[in-house]
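Peer 1: Model the following, please.
(2 chains)
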Amino acid sequence: MRQSQLFSKISKTPPREEISRNAKFLVQGRFIDKLMAGVYTYLPLGFKVLKKIEQIIREEMNAVGGQEIYMPALHPLENYIKTKRDKIDVLFHLKSASGKKLVLGQSHEEVIVPLVKKHIGSYKDLPLYLYQIQVKFRNELRAKSGILRSREFIMKDLYSFHKDEADFEKYYTAIQNAYRNIFRRVGIGEVTYLTFASGGTFSKYSHEFQTITPAGEDKIYLCEKCKIAINKELIEEAKYSCLQCKSKNLKEKKAIEVGNIFPLKTKFSDAFDLKYIDQSGQKKPIVMGCYGIGLGRVMGTVVEINSDQNGIIWPKTVTPYQAHLLLLDSHPKVKKEAEKTYDSLQKQGVQVLYDDRLESAGVKLKDADLIGIPIRLIISEKTKDKIELKFRNNEKLQLLSLNEILKTVTEYYQL
RNA sequence: CGGGGCAUGGCGCAGUUGGUAGCGCGCACGCUUCGGGUGCGUGAGGUCGUGAGUUCAAGUCUCACUGCCCCGACCA
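Peer 2: This is a model prediction of the structure:
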């Protein structure tokens, strides 16, 4: 991609009102654009990151047997009356032309349970794992921190259906591992912890995956020995001790909830009379679990964790482009070299952003730091017939030939 | 929903005791420069968040509302 053609232009000044690092850098670098509080457009750079995060999540969900579907965002209110969730305050309400009461989906139990009911009758149909990556609407009282808490957001939500508790428990563990893989792969695994939270009415515990960052809005209590944490809600109950090793040496940390896994027991199955016939011909309720990850929130968290004062430092798995090629000179001869390098990289299958703008060297260097692509390549009069390579997270400069560059880049990304 | 702050060209800001709006960046054109936000010149661009009120006169004072940011509460 030629940066001269990229929509839209990077700003020299960060947005005045934003405090959180993710909002500042993502808005200034033109990854996202705010339409209103908690509602964002993903611009070309940001959309590429979002799609990469989405693909990692999809791969891990498929690996644990998930089948991808896509459900509507527009739901009939009557289904929420059945589950007694029609009064929850995050629901957006609206009406159809004929006056039918509708809501915008904040989660999809009310849609997926009636759906599954049409297609499941026997124990032979279980277990079943369905997921989607789809938009959610939550009328949050206070949207905040850029894309960390928004009112419209893309979420991966998986729902599992089981014949009994034992089968559910097995899958619940498998999902925990899948989630660990996801957070590791997107570059926040080191600071993301399984956290015990209260299970609400249906179960003793649910679990959250909490990423430790000052930008976080939750407080968790971390046991550094067991690498697990408990949420603030549980702190009284647990009497300040780790649920695993009973240690009282817990550290209070601010954290952002990047994912949750939740035992639903038979709450929703009961509401819609979702049952199956077991081997003895008996009708039994289906045991459910649900598992969510907010994609935008993950993206914002990745920025909070992987950035410095100059901008973002994208992990190589989710970077919008793999190499940032900077032309620091407009002399025809130098430009010809840059064009040649751009072509060669693309032919090797490298995703490359080529800064061919007629800007000064300083502007391009600053912008490159802000955008945060892991590998920066520079061609200028100074580099002669070589190309300078620098990693975003390292100050070391290397002067290499085109072939060496191609080799280094393709090896780094395992292309 | 409680508390605090803010609202003036696309972005960031200034605007004194009320007298009808300026600066920087960006943008357009010309030249210049090219390794950390080059330099110079010319130009376009704003009914000052909305609505009332006070006044001869409101960006400025008063009231109400709306939006945005932060803290808190909330977050199946």
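Peer 1: neighbours of A:Lys34, just the number please.
Peer 2: 18 (other Cβ atoms under 10 Å). C-beta coordinates here come from the backbone N, C-alpha and C atoms, glycine included.
Peer 1: Name the nearest residue to it, ignoring sequence neighbours.
Peer 2: Take A:Lys34 and drop its neighbours on the chain: the residue closest to it by Cβ to Cβ, 6 or more residues apart in numbering is A:Tyr40, 5.6 Å away.
Peer 1: Doesn't that neighbour lie inside a helix?
Peer 2: No - secondary structure of A:Tyr40 (DSSP: H, G, I helix; E, B strand; the rest coil): strand, not part of a helix.
Peer 1: And for it, the neighbour number?
Peer 2: 25.
Peer 1: same thing with the one 5 residues further on?
Peer 2: The local packing of A:Leu45 (other Cβ under 10 Å) involves 25 other residues.
Peer 1: for the helix or strand hosting it, which positions count as buried?
Peer 2: Assessed by DSSP states H and E, A:Leu45 sits inside helix A:44-63. Judged by neighbour count using 16 or more other Cβ atoms under 10 Å, the buried positions of helix A:44-63 are A:45-46, A:48-50, A:52-54, A:56-58, A:60-61.
Peer 1: which two in those are spaced the farthest apart?
Peer 2: A:Leu45 and A:Met61 (25.2 Å; Cβ to Cβ).
Peer 1: What helix or strand is the nearest residue to A:Pro76 once chain neighbours are set aside located in?
Peer 2: Distances taken as Cβ to Cβ, 6+ apart place A:Leu102 nearest to A:Pro76, at 6.3 Å, with adjacent residues excluded. A:Leu102 is located in strand A:101-104, with elements delineated by DSSP H and E.
Peer 1: give me every residue that touches the residue nearest to A:Lys34.
Peer 2: A:Ile32, A:Asp33, A:Lys34, A:Gly146, A:Ile147, A:Ser150, A:Gly296 (Cβ atoms under 8 Å, 6 or more residues apart in numbering).
Peer 1: Now list the buried members of the residues you listed.
Peer 2: A:Ile32, A:Lys34, A:Gly146, A:Ile147, A:Ser150, A:Gly296.
Peer 1: so how far is A:Ala361 from whichever residue of the stretch 151-300 of chain A sits closest to RNA strand B?
Peer 2: RNA strand B sits closest to A:Phe262 of the stretch 151-300 of chain A, with a gap of 4.2 Å, by Cβ to the nearest atom of the strand. According to Cβ to Cβ, to the nearest Å, A:Phe262 stands 52 Å off from A:Ala361.
Peer 1: circling back to that earlier point, now the helix holding A:Leu45: average pLDDT?
Peer 2: For helix A:44-63, mean pLDDT rounds to 97.
Peer 1: Do you have the strands of the stretch 301-415 of chain A handy? List them.
Peer 2: Using DSSP state E, counting those that start in this stretch, the strands of the stretch 301-415 of chain A run over A:307-308, A:311-312, A:323-327, A:352-355, A:375-379, A:387-391, A:398-400.
Peer 1: The contacts of A:Tyr40 also near RNA strand B: which ones?
Peer 2: For RNA strand B, the contacts drawn from the contacts of A:Tyr40 by Cβ under 7 Å from any atom of the strand are A:Lys34, A:Gly146.
Peer 1: Export the contacts of A:Tyr40 as TSV, with columns for distance to A:Ile277, pLDDT and secondary structure.
Peer 2: TSV is the format used below for the contacts of A:Tyr40 (distance: Cβ to Cβ, whole Å; pLDDT from 0 to 100; DSSP: H, G, I helix; E, B strand; the rest coil):
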residue	distance to A:Ile277	pLDDT	secondary structure
A:Ile32	49	94	strand
A:Asp33	52	91	strand
A:Lys34	52	90	strand
A:Gly146	49	87	coil
A:Ile147	45	92	coil
A:Ser150	43	93	coil
A:Gly296	41	95	helix
